[in-house]
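Visitor: Below are the sequence and a predicted model for it; my questions follow.
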Amino acid sequence: MHKRVFITGIGAVTGLGVGVSALWEGLCAGRSGIGPITRFDPSGFPCKLAAEVKDFSAKDYVPKSYRKAVKVMVRDTELAVGAAKLAVDDAGLVTKATLESDPSRQLTYPPERVGCHIGAGLICSETQEISAAMVTARDPAATPEQLDKTNGLTLKRWGTIPPEGGGGMDNLQPLWMLKYLPNMLACHVTIIHGTEGPSNTITCAEASGLLSIGESCRVIERGAADLCFSGGAESKLNLMGMAKMTLWNRLRPTDGSPTVRPYEAEGAGTIPGEAGGLLVLEEATAATKRGAKVYAEVAGFGAAHSIPSDEPQGVNEGLAHAIRNALRDAQLKAEDIDAIIPQGCGIASVDAGEAGALRQVFGEHLNTVELVTLTPALGDCAAGNGSILAAVGALCVKEQRLPARFETGGVLSDNFVGSKAARAARLRAILVCSSAQGGQNAALVLKSAN
């Protein structure tokens, strides 16, 4: 018998605030979390805007005994840890972390029946930390030409210099590697909450969160776990992250429009954001037995790959395949979908391929379906994107309401040009989908658990 999977908890940390209420209320009010970058000096970059998470520290979301470990968490990990605690509270779970403050309570599930799948990025090193070590790898006898080309840095001095001993690499803090491994997001979440079931980390850029949710669903469906933490988190709001996105020509210059307009014919680029989104996915019978609050059912999942391109594509065939696979898994037709929550990032090559895939799958029905675009409010949150898209989809299903829609271009459909206020809607099934910079594509179908 096919096991059904419910979403019973949502933890969200975004530019609109901390918690699912801040996310939903901000979106329904039509607010944007995008503003001037304050975390570092962005004056050397063409884009000086971002959707930053304000007033947030993982210290407020871990047990007292675990607070020292926050020192070896990068921002990405902190976002994931905060989202996990928020999801636990929202779902009404008792985990290992709960027992520290109240040992008399009983765990909701045995540790071996709880899994964890979190999407992560290839984490950027904190500039102060790595530069402090790199400066010790400079050759004091460097010629003016070497200073001009490499600032006097040499690989020999970065490594080991016999017979003197250690080079610049040895001046990194001892636990440096344990901060920057992508699997550290899931590592800290599983340690804090005592999850001992199937665990994995997926590093597929913007599709990571949706792919992680899909993996969690398969784990639950095959009976390997009763509950999974699932989603993604990432922050590229640091000097190295911004440099990468700038060199990839993905960012919108600040001297243009201060907002992202998905599906513009000449999309000027996106604006970075940071986010952590974790969902509690629970086997339906077990969730019902404990009287869990249910947001939505994950009715279908699909994934596929396409060849990435920086040029506008007529159709992202991989995304079209992923959507069809999700619809088939949900045993639904394109005409059964009432709303779509796409990536809609504002990058011309990405949006054009996404628009082509949606037109190919939905045909004329695309002109009647509702559209929810989140990048104008939350920025491009990389590996944190997919789970936030799914969280908003689950909220739409539960509330039978669509949040405000920001200004969009006409590449997808003339029906989606312009903004819309939040509104009530009959939402039986919602498609959530995203591509990724490396060519990965993922799609979910969410529907009412009733």
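Guide: Cool, got the structure. Numbering: from 1, shown residues only.

Visitor: just the helices in the stretch 101-250 of the chain please.
Guide: Listed in chain order, the helices of the stretch 101-250 of the chain (DSSP state H, counting those that start in this stretch) span 127-134, 144-150, 155-158, 176-180, 184-193, 208-221, 239-247.

Visitor: hey, which of the ones you listed is tucked in deepest?
Guide: helix 208-221 (a mean of 27; mean count of other CB atoms under 10 Å). Where C-beta positions appear, they are placed from N, C-alpha and C, glycine not excepted.

Visitor: per-residue confidence averaged over that one?
Guide: Averaged across helix 208-221, pLDDT comes to 98.

Visitor: now do stretch 264-278
Guide: Mean pLDDT, computed over stretch 264-278, is 92.

Visitor: same question, stretch 389-401
Guide: 98.

Visitor: buried residues in it?
Guide: 389-399 (16 or more other CB atoms under 10 Å).

Visitor: Now the most centrally placed residue in the chain. Its backbone dihedrals?
Guide: Central residue of the chain (CA atoms, centre = their mean): residue 384, 1.2 Å from the mean position. Backbone torsions for residue 384, taken as degrees, to the nearest 10, come to phi -80, psi -10.

Visitor: hmm, back to that, make CSV from the helices of the stretch 101-250 of the chain and add distance to residue 13 to it.
Guide: Converted to CSV, those look like this (distance: least, CB to CB, whole Å):
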stretch, distance to residue 13
helix 127-134, 23
helix 144-150, 39
helix 155-158, 35
helix 176-180, 19
helix 184-193, 12
helix 208-221, 13
helix 239-247, 17
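
Visitor: Tell me which of those sits nearest to residue 81.
Guide: The closest of those to residue 81 is helix 184-193. By CB to CB, the value is 5.4 Å.

Visitor: how far does the closest one sit from the chain's center?
Guide: 17 Å (CA atoms, centre = their mean, to the nearest Å).

Visitor: quick revisit: list the contacts of the residue nearest to the centre of the chain.
Guide: Contact analysis of residue 384 by CB atoms under 8 Å, 6 or more residues apart in numbering lists 79, 119, 209, 232-235, 273-277.

Visitor: so which of these comes closest to residue 138?
Guide: Using CB to CB, the contacts of residue 384 come closest to residue 138 at residue 235, 29.6 Å.

Visitor: Quick one: residues contacting the residue lying closest to the closest one once chain neighbours are set aside.
Guide: In space, and not counting its chain neighbours, residue 235 is closest to residue 274: 3.5 Å by CB to CB, 6 or more residues apart in numbering. Counting by CB under 8 Å, 6+ apart, residue 274 touches 14-15, 50-53, 75, 79, 234-237, 379, 381, 384.

Visitor: ditto for residue 33
Guide: Residue 33 sits next to 14-17, 26, 51-52, 273, 377-379 when contact means CB under 8 Å, 6+ apart.

Visitor: measure residue 138 to residue 350 for me?
Guide: Residue 138 sits at a distance of 40 Å from residue 350 (criterion: CB to CB, to the nearest Å).

Visitor: Quick one: distance of stretch 60-71 to the chain centre.
Guide: Here the centre of stretch 60-71 is set off from its chain's centre by 23 Å, with CA atoms, centre = their mean.

Visitor: what distance separates the start and the end of that stretch?
Guide: End-to-end distance of stretch 60-71 (CA to CA, to the nearest Å): 13 Å.

Visitor: Likewise for stretch 56-74?
Guide: Distance across stretch 56-74, first residue to last, is 13 Å (CA to CA).

Visitor: Residue 200 is nearest to which of the helices of the stretch 101-250 of the chain?
Guide: Across the helices of the stretch 101-250 of the chain, residue 200 has its closest neighbour in helix 208-221 (6.1 Å, CB to CB).

Visitor: Am I right that the residue nearest to residue 235 is in a strand?
Guide: Yes: the assignment for residue 274 (DSSP: H, G, I helix; E, B strand; the rest coil) places it in a strand.

Visitor: re the thing from before, of the contacts of residue 274, buried ones?
Guide: Going by neighbour count (16+ other CB under 10 Å), the contacts of residue 274 have 14-15, 50-53, 75, 79, 234-237, 379, 381, 384 buried.

Visitor: Just give me the closest of these to residue 128.
Guide: residue 75 (13.2 Å).

Visitor: Residue 67 is nearest to which of the helices of the stretch 101-250 of the chain?
Guide: If we rank those by CB to CB, the stretch that ends up nearest is helix 184-193, at 11.0 Å.

Visitor: Rounded mean pLDDT for that closest one, please.
Guide: What helix 184-193 shows for mean pLDDT is 98.

Visitor: Pull the residues that contact it.
Guide: If you take CB under 8 Å, 6+ apart as the criterion, helix 184-193 is touched by 62-63, 66, 69, 73-74, 76-77, 80-81, 84-85, 88, 95-97, 114, 116-118, 120, 178, 181, 195-196, 199-201, 229, 233, 278.

Visitor: Tell me what angle that helix forms with helix 208-221.
Guide: 50 degrees (axes from the mean of the first three to the mean of the last three CA atoms, to 10 degrees).

Visitor: circling back: now flag whichever of the contacts of residue 274 is closest to residue 130.
Guide: Once CB to CB is applied, the member of the contacts of residue 274 that ends up nearest residue 130 is residue 75, at 14.8 Å.

Visitor: right, and residue 381 touches residue 237 too?
Guide: No: using CB atoms under 8 Å, residue 381 is not in contact with residue 237; the gap is 9.9 Å.

Visitor: Could you name every residue contacting both of those two?
Guide: 272-274.

Visitor: Contacts only, for the nearest residue to residue 287 once chain neighbours are set aside.
Guide: Closest residue to residue 287 apart from its sequence neighbours, by CB to CB, 6+ apart: residue 6 at 4.8 Å. When contacts are counted by CB under 8 Å, 6+ apart, residue 6 touches 281-284, 287, 292, 294-298, 449.

Visitor: count of residues packed around the closest residue to residue 107 other than its chain neighbours?
Guide: Distances taken as CB to CB, 6+ apart place residue 94 nearest to residue 107, at 5.5 Å, with adjacent residues excluded. Residue 94 has 15 neighbours, counted by other CB atoms under 10 Å.

Visitor: The chain should start at 30 in everything you say after this.
Guide: All set: I'll call the first residue 30, so the last point we hit is now residue 123.

Visitor: Checking residue 123 next. Helix, strand or coil?
Guide: Reduced to three states with three-state DSSP, the structure at residue 123 is coil.

Visitor: correct me, but it touches residue 132?
Guide: No: if you go by CB under 8 Å, residue 123 and residue 132 don't touch, sitting 10.8 Å apart.

Visitor: what's the helix or strand for residue 38?
Guide: strand 34-43 (DSSP states H and E).

Visitor: between that strand and helix 237-250, how many degrees?
Guide: 150 degrees.

Visitor: what does the helix or strand that strand 34-43 is followed by rub up against?
Guide: Remark: after strand 34-43, the chain's next helix or strand is strand 46-47, criterion DSSP H and E. The contact list for strand 46-47 (CB under 8 Å, 6+ apart) reads 41, 52, 55, 62, 82-85, 111, 115.
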